[in-house]
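Q: following is a predicted model, sequence given first.
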Amino acid sequence: MPDAKSTPAGSPQGKENVDRKVHGESVGLPSFYSPRSRPIHEHDGALATRLDRLDRLDRDELSLSSLALTPTSTSASTDDANPPLPPPSLLSPAFTPPATPGTATPSPAAEHQPHGVPVDSSIPSGGCGTKRPRLLETLPEVQCIVRARIPTVSGTEMFLHLYTNNVDSKEHLAIVFGPHIRSQSLDAPREGETEMDRMVRGAYTGRLYPGRTRSGMVGGSSSVDNDPEEVVTPSGPPLVRIHSECYTGETAWSARCDCGEQLDEAARLMSLPSAVNGGIVIYLRQEGRGIGLGEKLKAYNLQDLGSDTVEANLLLRHPADARSYGLATAMLLDLGQEEIRLLTNNPDKIRAVEGPNREVRVTERVAMVPLSWKGKGGFRSREVEGYLKTKIEKMGHMLDMGGLQ
């Protein structure tokens, strides 16, 4: 009888040995694999009994609700004691879209900001990667055209800033946490506008309310309207996430990537009471690492045919990563941020975000650790494990547990 060491990993016996190692003290899998959830066995008596009881209660509630919704049937197969159940929901809980900021994992008030590693892109050993990304000679021109307060279901409030620019026709976004972070281009007076015009486009201090007549910025003070601006004194740079649009991961419940989870976790961290310096998510409309949604879906088909995410892009005659970050740099400067803490696993992004002349300086890199690795929910799938593995091995991402320190 072969032992565990000589059994091939792909065989049923090998799979059983791998599972046994995962559930034991020593895990023999590579670091980019998340620990698998442990199945409930018969000896887990108390937990199994409780789950079975809850399952029966759920079935009973469905049965009671079906009495009022299901019309009386004359079929001989209908049993009055066991009325037919209504059809199951079209959306399984396993395919629930990423949670609203702050709701995925309830955070205690005492939770601190994530640990950051100091970085300095001006020296080779500064922790900013070995690559030198191609940078624009001059930064794009950006303008924030409207700002609006967004209350979330978790109680957190944020401000959504909509930007236009002189290099593409897309509308990029800045999701801002903290009332002290303001856009210079939005607040600047515009010829011929009224106080109502300023309030409608979001250039006001304090809060809007029915009957307010002044923006508090031009021709008077907000104190006239009994609505003073909230004064916040930051003690350091804000936490910043440069996030590229991902329709499949953020809207279509895709488990091929962790983009939706990363966006959600970034917003949660910036919503913590300890985030006194505020936070900014720069949301760039560069789908599929810059190749667009149509080409990205073609790349998915190539991945199903055996390629990884980098190989698929190259087979479609695209770069492995076609994104640009000049717009992010310009937007950060417009928001008055010359020093930031960058939430990323990609060290090469640090130099790219800083701009051609280091107009913005990244002082710390904060790791974005998958929630499943921290034991705080998240999700696991074969596709996302391969995706993370490729980012580590081929794209140089530092996907480690540094954020837990």
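A: Sure, I can see it.

Q: low-confidence ranges, the protein, go.
A: 1-110, 129-134, 218-232, 371-375, 377, 379-381, 383-405 (pLDDT under 70).

Q: can you rerun that using 80?
A: Within the chain, the ranges that satisfy pLDDT under 80 run 1-113, 115, 125-136, 153-154, 218-233, 369-405.

Q: can you pull out the strands in it?
A: 116-118, 142-151, 157-165, 172-177, 239-244, 279-284, 339-343, 361-366 (DSSP state E).

Q: distance to Arg351 and mean neighbour count for those strands - can I get that in JSON lines?
A: The C-beta positions use only the backbone N, C-alpha and C, and glycine is treated the same way. JSON lines is the format used below for those (distance: least, CB to CB, whole Å; neighbours: other CB atoms under 10 Å):
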{"stretch": "strand 116-118", "distance to Arg351": "15", "mean neighbour count": "16"}
{"stretch": "strand 142-151", "distance to Arg351": "20", "mean neighbour count": "16"}
{"stretch": "strand 157-165", "distance to Arg351": "21", "mean neighbour count": "19"}
{"stretch": "strand 172-177", "distance to Arg351": "20", "mean neighbour count": "22"}
{"stretch": "strand 239-244", "distance to Arg351": "12", "mean neighbour count": "24"}
{"stretch": "strand 279-284", "distance to Arg351": "16", "mean neighbour count": "24"}
{"stretch": "strand 339-343", "distance to Arg351": "11", "mean neighbour count": "23"}
{"stretch": "strand 361-366", "distance to Arg351": "8", "mean neighbour count": "21"}
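
Q: and Ile145, how far from Asn313?
A: 33 Å (CB to CB, to the nearest Å).

Q: same check on Arg198?
A: 44 Å.

Q: so between the two, which is more surrounded?
A: Asn313 (24 against 21; other CB atoms under 10 Å).

Q: skipping adjacent residues, who's closest to the more buried one in space?
A: Using CB to CB, 6 or more residues apart in numbering and skipping the chain neighbours, the partner closest in space to Asn313 is Ala320 (5.3 Å).

Q: distance of the one you found relative to Gly260?
A: For Ala320, the distance to Gly260 - CB to CB - is 21 Å.

Q: kindly report the same for Val276.
A: For Val276 relative to Gly260 (CB to CB), the value is 27 Å.

Q: quick check on those two: which one has the bigger neighbour count.
A: Under the criterion of other CB under 10 Å, the comparison of Val276 against Gly260 puts Gly260 first, with 22 against 15.

Q: which stretches of this protein form helices?
A: 12-23, 45-69, 184-187, 195-200, 247-250, 259-271, 287-290, 293-304, 309-315, 326-334, 348-354, 371-374, 382-395 (DSSP state H).

Q: list the residues that contact Glu311.
A: Leu302 (CB atoms under 8 Å, 6 or more residues apart in numbering).

Q: and what of Leu314?
A: Ala320.

Q: now swap in Pro151 and tell me
A: With CB under 8 Å, 6+ apart, Pro151 has these contacts: Glu157.

Q: count of neighbours near Asn166?
A: Counted with other CB under 10 Å, residues neighbouring Asn166 total 9.

Q: which one is it nearest to, not counting chain neighbours?
A: Glu141 (4.5 Å).

Q: let me see the contact set for that neighbour.
A: 165-166, 330.

Q: phi, psi of Ile292?
A: No, residue 292 isn't Ile; it's Gly. Main-chain torsions, Gly292, degrees, to the nearest 10: phi 90, psi 160.

Q: before we move on, the earlier item: mind putting the contacts of Glu141 into TSV with distance to Lys349?
A: Listed next are the contacts of Glu141 as TSV, based on distance: CB to CB, whole Å:
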residue	distance to Lys349
Asn165	19
Asn166	23
Ala330	16
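
Q: so which of those is the closest to Met158?
A: Ala330 (20.7 Å; CB to CB).

Q: can you list the domains in the chain?
A: For the chain, automatic domain parsing gives the domain ranges 1-29, 31-70+82-87, 117-404.

Q: circling back to that earlier point, next one: the residue nearest to Asn313 from Val310, what distance?
A: The value you get for Ala320 to Val310, if CB to CB is used, is 5 Å.

Q: same question, Pro118
A: Counting by CB to CB, the gap from Pro118 to Val310 is 30 Å.
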